[in-house]
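S.K.: coords below, sequence missing:
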């Protein structure tokens, strides 16, 4: 397991649920990061490999995976395309986490 995934698991994706039963924004973003990292690992890609697909420097991938920067909607769609994952599927997994 990668260092980012270990960090995310130690924090716990679903630990920050508010009284209304919804995940906090922080937990949702941790979940998003975890899903994108797993998507990259599933393809056997290094950060630098994904960066080439995106036409970005490796530090771009590192920064959103570690939470140093956030992706906007367009960037999220570009990353999903580069990973050949359905963005709606990722968002649904985060939404399903809210219901746990």
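M.R.: Received it, and whenever you're ready, just let me know what you need. Predicted, not measured: the structure shown is a model, and the values here were computed from it. Numbering: from 1, shown residues only.

S.K.: Which strands and helices lie in contact with the longest helix anywhere in the chain?
M.R.: As assigned by DSSP state H, the longest helix anywhere in the chain is helix 25-42. The contact analysis (3 or more C-beta pairs under 8 Å, 6 or more residues apart in numbering; DSSP states H and E) places helix 25-42 against helix 3-11, helix 58-66, helix 73-83, helix 87-98. Using the backbone N, CA and C atoms, a C-beta is placed for each residue, glycine as well.

S.K.: Centre-most residue in the chain?
M.R.: Relative to the mean C-alpha position of the chain, the nearest C-alpha, by C-alpha atoms, centre = their mean, is the one of residue 33, at 2.0 Å.

S.K.: okay, that residue: pLDDT?
M.R.: Listed pLDDT for residue 33 reads 96.

S.K.: Doesn't residue 85 lie inside a helix?
M.R.: No. With DSSP: H, G, I helix; E, B strand; the rest coil as the criterion, residue 85 is coil rather than part of a helix.

S.K.: Give the full set of residues in contact with it.
M.R.: For residue 85, the contact set (C-beta atoms under 8 Å, 6 or more residues apart in numbering) comprises residue 39.

S.K.: Distance of it relative to residue 63?
M.R.: As judged by C-beta to C-beta, to the nearest Å, residue 85 and residue 63 stand 20 Å apart.

S.K.: for residue 32, same thing?
M.R.: From residue 32 to residue 63 the distance is 14 Å (C-beta to C-beta).

S.K.: Who has more neighbours out of the two?
M.R.: residue 32 (20 against 16; other C-beta atoms under 10 Å).

S.K.: Find the nearest non-adjacent residue to that one, please.
M.R.: Spatially, and ignoring its direct neighbours in sequence, residue 32 is nearest to residue 94 (6.1 Å; C-beta to C-beta, 6 or more residues apart in numbering).

S.K.: residue ranges with poor pLDDT in this protein?
M.R.: 1-23, 98-100 (pLDDT under 70).

S.K.: Do I have it right that residue 78 meets residue 54?
M.R.: Yes. If you go by C-beta atoms under 8 Å, residue 78 and residue 54 touch, sitting 6.1 Å apart.
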